[in-house]
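Visitor: Structure for this input, please:
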Amino acid sequence: MAGLEFQDPIIIASGIVPLENDFMNRVCENYKPSAITTKTLTLEPLEPHKPPTVIKFHDGCYMNAIGLGNPGVKALKDINIKCRLIVSIGGSSVEEITKAVSEVNSEVIELNLSSPNRKGYGESLASYVSEVTKNAKGVLRKGVRLFVKLGPWDNIIELSGKALSAGSDGLTLINTLKGLSIDIETFRPILSYGTGGISGKCLHPLAVRIIRDVYKEYEAEIIGMGGVFDWRDAIELMSVGAKLVGLGTVIIDKGFSSIIEVREGINAFLKEKGLKIENIIGIAVKK
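Guide: Reported below is the predicted structural model:
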């Protein structure tokens, strides 16, 4: 993936693992993800939205609006873990994101231009994808790969092309889809922020379609995610072009052991079919 070797395709998506050395290292040792993606970090600390910030509304389907709460990018200086770290960076302006990126010393940086859960951040900057990507690329340390995380929008092909043309090494697809849930006793939103990002099983077919469309257009390096709950879901995303597959909501729903279950399922499938991972990537697009 972008010239880096990973032990297998399974990584942990952003927002799942707390930015704590001991916790992260236990995850690395016990479950051996190929990488952990940090929660999105901004130049300065941000307070999360008030609870409730996460709800489960259907089997395997969640909605969250934590609001990019985080301790700030300087918290990375205390992090030293035993598996690869993908650092997610966000901000409220091109300048802020560029400054935050310049603070990071990691092999892979992921620009969050897609979170729907804080006004002025995430998806609010998607229209500036070319400028953000170009500026971030200009301050990267030597050898650092840059991925841009985009959401499930109608103009995803256009925005993906802009990110790649501006120098992104690849794309992370997809982020959550903005939704709303109403308490029918009070007729007010259940989440404190009002709207929230839908994740989980209900998002998976959308992720498959978008990753397929983007890969078909650009054959880009893609980190795929969106409702992966078992090894079949992971194979499906790889078949439409994802080289790495991020697990997120399934870990909230089932625990970290889901990493091992997905990995073992993929390996068993490959052995049964006499295939290697590289045989799977994009195969459904090329047929």
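Visitor: Strands of the stretch 51-200 of the chain, start to end?
Guide: For the stretch 51-200 of the chain, the strands defined by DSSP state E, counting those that start in this stretch cover 54-58, 61-64, 84-89, 108-112, 145-150, 170-173, 177-180, 182-183, 188-189, 195-200.
Visitor: Thought residue 159 was touching residue 153, still the case?
Guide: Yes. Counting by Cβ atoms under 8 Å, residue 153 does reach residue 159; the two are 7.2 Å apart. Yep, even glycine has a C-beta here, placed from its N, CA and C like the rest.
Visitor: residue contacts, the closest residue to residue 198 other than its chain neighbours?
Guide: Once flanking residues are discounted, residue 198 sits nearest to residue 179: 4.2 Å by Cβ to Cβ, 6 or more residues apart in numbering. By Cβ atoms under 8 Å, 6 or more residues apart in numbering, the contact set of residue 179 is 63, 195, 196, 197, 198.
Visitor: roughly how far apart are residue 179 and residue 246?
Guide: As judged by Cβ to Cβ, to the nearest Å, residue 179 and residue 246 stand 20 Å apart.
Visitor: quick one, helices of the stretch 101-250 of the chain?
Guide: For the stretch 101-250 of the chain, the helices defined by DSSP state H, counting those that start in this stretch cover 129-139, 156-165, 204-218, 231-239, 249-254.
Visitor: And the pLDDT at the closest residue to residue 104 other than its chain neighbours?
Guide: Spatial nearest neighbour of residue 104, excluding adjacent residues (Cβ to Cβ, 6+ apart): residue 87 at 5.1 Å. In this model, residue 87 is scored at 98, pLDDT.
Visitor: Equivalent analysis for the one 3 residues further on, please.
Guide: pLDDT, residue 90: 98.
Visitor: Contact partners for it?
Guide: 40, 41, 42, 68, 97, 100, 111, 112, 113, 115, 121, 122.
Visitor: Take those residues and write them to TSV, including distance to residue 28 and neighbour count.
Guide: Converted to TSV, the contacts of residue 90 look like this (distance: Cβ to Cβ, whole Å; neighbours: other Cβ atoms under 10 Å):
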residue	distance to residue 28	neighbour count
40	20	28
41	19	27
42	25	23
68	24	24
97	27	27
100	24	25
111	24	28
112	22	28
113	28	28
115	25	27
121	29	24
122	27	25
